[in-house]
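*Asks:* what follows is a predicted protein model with its sequence.
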Amino acid sequence: MSDVLVLVGGDGPEDPIAWARVSRDGDILARGVARAGDAVAPAGRIVLVAPGADAQIKRLLLPARTEAQARAGAAALFEGVLAASAADTHYAVGPAQDERGARLVAAIAARRLTQWLERCAALGADPDEIVLDCCVWPTAAGEIEIVETPTRAIVAAGALGGFAIEPALAPSVFARWLGQCDETVQAIRLMGAPPQRWAAALGPGAPPLAVRPDEDALDVIARAAARGAPAAPNLRQGAFARAVRGGSPWRIWRFAAALAALALALQIGALSLAGWRDADAARAARAAAETEFRAARPDVRRIVNLQAQVAAALNGVQQAAGHPVIKVNDPVIAALQAHPAVRLDEVRHSAPGRIVRMRWSALDQTALTAAIDDLRGRVGGAVDVGAPQFIDGRLAAQVTVTAP
């Protein structure tokens, strides 16, 4: 895995964005602040950490088999809670945490998420993941971390969720939030704020409150985001999902069909031009063909020989459709959707062979084995698995698939 670029948003998309480049070993290699007009150097993986104040987090029982089903259920369970209409709200779900289907669900205004993506685009970045600060801040099981900064208080409870809000409002909101928590909380750890103010708001029946040593909040968030928070919903789902590099087979074949039809139209037009006396009609036909080609291939800046360029594009797409990674794409996606606790961390292929190497990871051996066995049943080629090992707190295995 290459370096990870973590972007940490301010209070809003218009504010400066702090950034940190994190190595595969969790070291902060560089950090800085990007203001309007600045650009950031790309990385192998980009994560945007948005403020939790922009969204609402709930822990819901959604025993759905697919991410899309869970999002649909989330819209129904959030109904009546949000000020915005369901049509204007984007829902993102985290992986199921237990056999009941309990998971974290984030609801955020679609317009606000669009603004964050536009801000990242202005920096020259297209995030692979967008997570909330209150979901990514690391916590121990059964504990809650409260982190106060000058502009926001972050309440993080791992698989139980959390929120972010103005520091002055945080203690009273936290007391109500804690009263609705359906799990046992053993301890609360506080950083960056006077413990007396929080202890008074919590009351005598609250879990023990301890002051934790101060740390650089940006470093903690950057390392945690680079490592990945298992329960955190990635906001890049559904309509906001990042385009898969290389595209899906269906999109490739649909594009190929469009190019093939265009190539046929050009050939017919070329044969007919000799018999056409109306030069205006001939020019109109060619202009229409160029318009269609530019719509299908917006990356082509100049058209020199339209018929040759269409043929070359069609050949390239047909060759791409047979790429080993694309051949195993659908079985891999189906297996991961059926086992949401398992994550695909890496995909590699070396031409000209048919072997695709991947790294799958999970929090336990049972889930990892079940997902790989599922993949075996879906892939037409051979599937080999290396010895599992712990990487960044997750059990990972190298999976080698020979594409059909």
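*Replies:* Received it, and whenever you're ready, just let me know what you need. Residues are numbered from 1 along each chain as shown.
*Asks:* and residue 211, how many residues sit next to it?
*Replies:* A count of neighbours around residue 211, defined by other CB atoms under 10 Å, yields 13. For every residue, glycine as well, the C-beta is placed using N, CA and C.
*Asks:* so it sits against residue 187, correct?
*Replies:* No: with contact defined as CB atoms under 8 Å, residue 211 does not count as touching residue 187 (11.5 Å).
*Asks:* low-confidence ranges, the chain, go.
*Replies:* For the chain, residues meeting the criterion pLDDT under 70 lie at 1, 65, 79-87, 182, 243-323, 351, 380-381.
*Asks:* do a quick rundown of the helices in it.
*Replies:* In the chain, helices defined by DSSP state H lie at 67-77, 110-122, 133-136, 170-179, 195-202, 217-227, 249-273, 279-296, 306-321, 324-327, 329-338, 365-378, listed in chain order.
*Asks:* and the angle for the fourth one with helix 195-202?
*Replies:* The one in question is helix 170-179. Relative orientation of helix 170-179 and helix 195-202, computed by axes from the mean of the first three to the mean of the last three CA atoms, to 10 degrees: 50 degrees.
*Asks:* so which bits of helix 170-179 are buried?
*Replies:* Residues of helix 170-179 classed as buried under the neighbour-count rule (16 or more other CB atoms under 10 Å) are 170-171, 174, 177-178.
*Asks:* of these, which is the nearest to residue 231?
*Replies:* Lowest distance from residue 231 to the buried residues of helix 170-179 (CB to CB) belongs to residue 177, with 16.7 Å.
*Asks:* and stretch 379-392, how far out from the chain's middle?
*Replies:* On the basis of CA atoms, centre = their mean, to the nearest Å, the separation between the geometric centre of stretch 379-392 and that of its chain is 23 Å.
*Asks:* what residues does it touch?
*Replies:* With CB atoms under 8 Å, 6 or more residues apart in numbering as the contact definition, stretch 379-392 has outside contacts at 26, 227-228, 328, 331, 345, 354, 359, 361, 365, 368, 372, 375-376, 395-404.
*Asks:* which of those residues count as buried?
*Replies:* For the contacts of stretch 379-392, burial is judged from neighbour counts taken by 16+ other CB under 10 Å, and it is met by 227-228, 328, 331, 354, 359, 361, 368, 372, 375-376, 395-399, 401-403.
*Asks:* residue 48 and residue 239, how far apart?
*Replies:* Distance of residue 48 to residue 239, computed by CB to CB, to the nearest Å: 17 Å.
*Asks:* next, count neighbours for the residue nearest to residue 92 when sequence neighbours are not counted.
*Replies:* Nearest in space to residue 92, with sequence neighbours left out and distances taken as CB to CB, 6 or more residues apart in numbering, is residue 233 at 4.0 Å. When neighbours are counted by other CB under 10 Å, residue 233 registers 30.
*Asks:* likewise for residue 70?
*Replies:* By other CB under 10 Å, 25 other residues sit near residue 70.
*Asks:* please apply the same query to residue 35.
*Replies:* Residues near residue 35, counting by other CB under 10 Å, number 10.
*Asks:* name the nearest residue to it, sequence neighbours excluded.
*Replies:* Using CB to CB, 6+ apart and skipping residues adjacent in sequence, the residue nearest residue 35 is residue 16, 4.7 Å away.
*Asks:* same deal with residue 347?
*Replies:* Distance criterion CB to CB, 6+ apart; nearest residue to residue 347, sequence neighbours excluded, is residue 358 at 5.2 Å.
*Asks:* my read: residue 338 touches residue 374, true?
*Replies:* Yes: A contact is recorded between residue 338 and residue 374 when judged using CB under 8 Å, the distance being 5.8 Å.
*Asks:* higher neighbour count, these two?
*Replies:* In this comparison of residue 338 against residue 374, neighbours counted by other CB under 10 Å, the higher total goes to residue 374 at 18 against 15.
*Asks:* tell me how far the more buried one lies from residue 333.
*Replies:* In this structure, residue 374 lies at 12 Å from residue 333, with CB to CB as the measure.
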